[in-house]
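Visitor: Pasting the sequence and the predicted model now:
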Amino acid sequence: MRMTAVIVMLAAPAFAEELGKASSDEISKGKRLFDGLCAGCHGTEGAGGGVGPPLARPKLARARDDEALMQVIRRGIPGSDMPMARQWDPGEVFQIAAYVKKLGSIPEEKLLGSAAAGRDVYFGKGGCKACHTIQGVGGRLGPELGSIGAQRSASHMRRSIVEPEAEFADRFLWVRLEAGGRTYEGVRLNDDTFSIQIMDAGERIHSFWKRELTAVTEMKSKSPMPSYKGALSAGELEDLVAFLASMRGEP
Amino acid sequence: MMRLGALIVACAAALGAQGLSWERILHSDDEPGNWLSYSGNLLGHRYSKLALIHKGNVARLQPAWIYQIGGAQKFETSPIVVDGTMYISEPPNMVLAMDTKTGRSLWTFTHPLPGDLRVCCGQVNRGVAVLGERVYFGTLDARLIALDSKTGRKVWEAVLADYRKGFSVTSAPLIVKDKVITGMAGGEYGVRGFIDAYDAATGKLAWRFYTVPGTGEPGVETWGGDSWKRGGGTTWVTGVYDAEQNLIIWGTGNPGPDWNGDVRPGDNLYTDAAVAVDADTGKLKWHFQFTPHDVHDWDAVQVPVLAEGVVRGEKRKLLLWANRNAFYYVIDRTTGKFLHARPYVKQTWATGLDDDGRPIRMPGTEPSVEGVRVYPDVGGGTNWWSSSYSPQTGLFYMAAREGGATYFKGGAEFREGELYFGGGSRQIPRDERYGAIRALEATTGRLVWEFKLARTPGGGVLTTAGGLAFAGTSEGDFLALDAATGKNLWRFRTGAAVNSNPVTYISGGKQQVAVASGKALFVFEVNE
C-alpha cells in the first residue's frame, strides 16, 4: 500500500492539474487510444452500455479530480473489471485522461444574470420548490437540482425552463395507467415484466401488478413541468439560470 | 421409470467405491435423480426426465434452502449433483461441496489468485466437472485443478497458459472418458484460442486443438499476415460430446481485435464457429463457421445442442444452435454441413444466408469511425447461457435479447497482455430493447411461443418431463413456464439478476430445482 502511494506521488506531478490544458492533438490521440482500449467496456464516447459505467459525466465517483482520474487509469480498480494500464507511458495516460475529462465536461457559457436574484425567482415567483429539491428542501416530482450546475449547461437549463418537453431529465418518464376503471398518471419509478410503480403529481406512490392494468401509456414527450415561456421576463430567466449554474453540490 | 432410476442410483452408489464412473456420465439420462455434467447430459440438452414437479403442483414450489456468497462478482455456477452431494464454484475461484438435503457445505476449497489477473468481463466461473473421486475446475489464472471429491484437497494442478498474456478459464470442464476437456477465455487480449484435454488421473496434457490454425496448417490463409497469432477464437463455454461419432463439439469465440477487422483480412477460421474434434486425438473432423470475419463480437459461445430430426425430408443427426449473430441454425453433425437457418431476433446485418450457410452481408454494416447502427447489439440475440432441448415437446428453448447498437471502429495496436478491442459500441437512444423466453420448433427455428420480458435476460433455460421450462430474468425473477404454451405457472422473486443456468435432481426423494441469482444459490422443492 505505502509503496504504491509513494510511487504514485513521484509519478504524478509531471502532469498534475493540466488535463484541461491538453492540446487538441493530445485529446485526439487520447480518443484513438480510448476507442481501441476502453470503449469496449465504457461505450464509445464513454456513453456506457458495456461492463463499465458511463464516463461522459462531469463528475465521476472514483475520479473526482484530474489526479484521481489518471490514477484510476494507471492502476485500474482492484477487484473490479477495470484494468490497470500496464504498458503505457505517462504521456499516453495523460492523453486518455484528457479525452475522458473532455467527454464529461459541459461547455463553458457566459452567465448574464445574478444568482442572488435568481434565488428569489426560484423560491418566489417561479414556484420551482413545489417540484424540485435543493439541499433536502422542496417537492419530489422533479429531479433534485442541488448539483444541476455541475451536470448541465446553461443553455440546457434555459431550454428546460422555457420548453420542458424539448429535453428530459435522465431516466424521466411520465406514464398513464388504467386499472379498475380509474386512471393514474405519474413519474415512473420502476417498470418490470410483472409490475410497475409510479409517483403521481400529489407525490403518492401507486404500485400495480401488470395483470391488474387495462392500459399502460408511456408519455415519452410529456413533462408535468409547466412552460415558463412568457411567465418570466428575460431578465428573470437569466437570473434563474445563473442561480441553477451555481448549484454545484455533490450529487 | 422413476423408481428404476432411483434404484440404479442406489446400486451405482453402493458399488461405486471409485465414485462417479464415466459409464454413468455417458448414460446420465438413465438417472435423472442426478445432474452429472454441465448440461445434464452430454448432448447439451439441459433437460431432465424428472416429473415430480409438474404443471399441477409447480404453483407450490418453495425455497428449500438458500446459500449466500460474498464478494462483488457475478454468480454464474451451474451445479453438479452426484448422489445427494452438490458441487458448485463460487466466484472468484472457490469450490464447494454441499449437502442437497440441508444446504450445508461439506468442504470448501479456495484457489489463491494473483492480483494482476487479465479478465475482461468479470471474475466469474460457470461450474465444475466430476469424474471418479475427483472434482475438476478451471481458474482465472489459467489453470486446471483436480480436487478430491470427499475432502476438497488438491490432487493436481495443470497450467494451461500464462495468465499475464491474457489467458484465463471461466467455463466448466467437460469429462470425456478418462479425460478432462477444458476451454479457455481471453478473446479480448489478442490470445490464440484452444481446447485442451488432460489425463484425468495425472493432469498430463493429452492433446491440444488450436482453434486458430498456425503457419503451414490449412486455414491459416484466412488470416492476413501473422494476425492469426492474436486471432482469439477462445472457447469459454462448455462443449458437448457425440458418443456415436466420438466427437467433441465446441463453440469458438470472436476474432481479435473485436471491432476492427482491417488487421485480419479473411474469414478468420475457426473463430465464431462450431468445431468437431476427435475425442481421443483432438484432430479436427469438421467445422462450421457462423460468422466469417466477424466485426461485431458475436462469439459462437453457445452450448451446442445435439438432437435427431427430419430435415429436407430425411432423418438426420442434427446440431442445433441459436447463435449470438441472431440466426438459429440446423446443421448436419456428421459432416458439419449447413441445412437450414432463420433469424430468431431482429437483425439488420445479413440479407440472408447462401446454400452453404454463409451470411450475405448487408453493405455498410461494418463498424466505422462515425458509427453504424446494427441489430443485434454486442451482447447478441443470445449469449453464453444455455438453451434447452426437450425431447418431450421437440422444442428448442432459449433466452433471447432484442436491441441494436451503434458500432464504432477504433485503433488496433496490439500489446501483449493488454485489452485488444479495436473499437466499441453504444446503445441506440430510445431503442426498443426487451427480452423474451422463446420456444422454437427445433428442426426449423419457427417461433412456437414467447414469454416477453421487460429487460434483456442473462440466464439459461431448463426443461423437464413435468412439462415445465424454468428460466431466470435480469429483473430478479425465477419463472416456471408451461413448456407447451409459455404460460407463466409460477414465479419467485429472488431480488437480483439471474446470470446462470438452472439444474434439477432429487434430494431425499424430492425433486429440487437449483439456480444461482444475485449473490445466492436458491434451491426449490414442492412442499406437500
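Guide: Received, thanks.
Visitor: Quick test: name the residue nearest the centre of chain A.
Guide: For chain A, the residue nearest the mean C-alpha position is A:Gln151 (4.9 Å; CA atoms, centre = their mean).
Visitor: how much space between the closest residue to it other than its chain neighbours and chain B?
Guide: Once flanking residues are discounted, A:Gln151 sits nearest to A:Pro58: 5.7 Å by CB to CB, 6 or more residues apart in numbering or on different chains. No exception for glycine: its C-beta is placed from N, CA and C like everyone else's. A:Pro58 sits 19 Å away from chain B, going by CB to the nearest CB, to the nearest Å.
Visitor: what about residue 28, neighbour count?
Guide: You didn't pick a chain, so chain A it is. 14 (other CB atoms under 10 Å in any protein chain shown).
Visitor: Actually, chain B is the one I wanted.
Guide: Neighbours around B:Ser28, by other CB under 10 Å: 21.
Visitor: B:Leu43 is in contact with that one, correct?
Guide: No: B:Ser28 is beyond contact range of B:Leu43, at 9.6 Å (criterion: CB atoms under 8 Å).
Visitor: can you map out the helices along chain A?
Guide: Remark: helices assigned in chain A by DSSP state H are A:2-11, A:24-37, A:39-42, A:66-75, A:90-104, A:115-123, A:148-151, A:154-162, A:234-245.
Visitor: In chain B, where is pLDDT below threshold?
Guide: Scanning chain B with the threshold set as pLDDT under 70 gives B:1-17.
Visitor: Chain A contacts on the stretch 151-300 of chain B?
Guide: Contact residues, the stretch 151-300 of chain B versus chain A (CB under 8 Å from any CB of the partner chain): B:Glu188, B:Pro257, B:Asp258, B:Trp259, B:Asn260.
Visitor: Quick one: neighbours of the residue nearest to the last one when sequence neighbours are not counted, just the number.
Guide: Same thing as B:Asn260. Distances taken as CB to CB, 6+ apart place B:Gly422 nearest to B:Asn260, at 3.0 Å, with adjacent residues excluded. Residues lying near B:Gly422 (other CB under 10 Å) number 31.
Visitor: next one: phi and psi at B:Gly422?
Guide: The phi/psi pair for B:Gly422 (degrees, to the nearest 10) reads phi 70, psi 30.
Visitor: try B:Phe408
Guide: phi -120, psi 150.
Visitor: what's the burial count for the residue lying closest to it once chain neighbours are set aside?
Guide: Leaving aside its chain neighbours, B:Phe408 sits nearest to A:Thr44 (4.3 Å; criterion: CB to CB, 6+ apart). Using other CB under 10 Å, A:Thr44 has 29 neighbouring residues.
Visitor: So A:Thr44 sits against B:Phe421, correct?
Guide: No: counting by CB under 8 Å, A:Thr44 sits too far from B:Phe421 to count as a contact (10.6 Å).
Visitor: Give me the common contacts of these two.
Guide: Common neighbours of A:Thr44 and B:Phe421 are listed as B:Gly410 (criterion: CB atoms under 8 Å, 6 or more residues apart in numbering or on different chains).
Visitor: what does chain A have sitting close to chain B?
Guide: Residues of chain A lying near chain B (CB under 8 Å from any CB): A:32-45, A:47-51, A:78-81, A:83-84, A:86-87, A:191-194, A:220.
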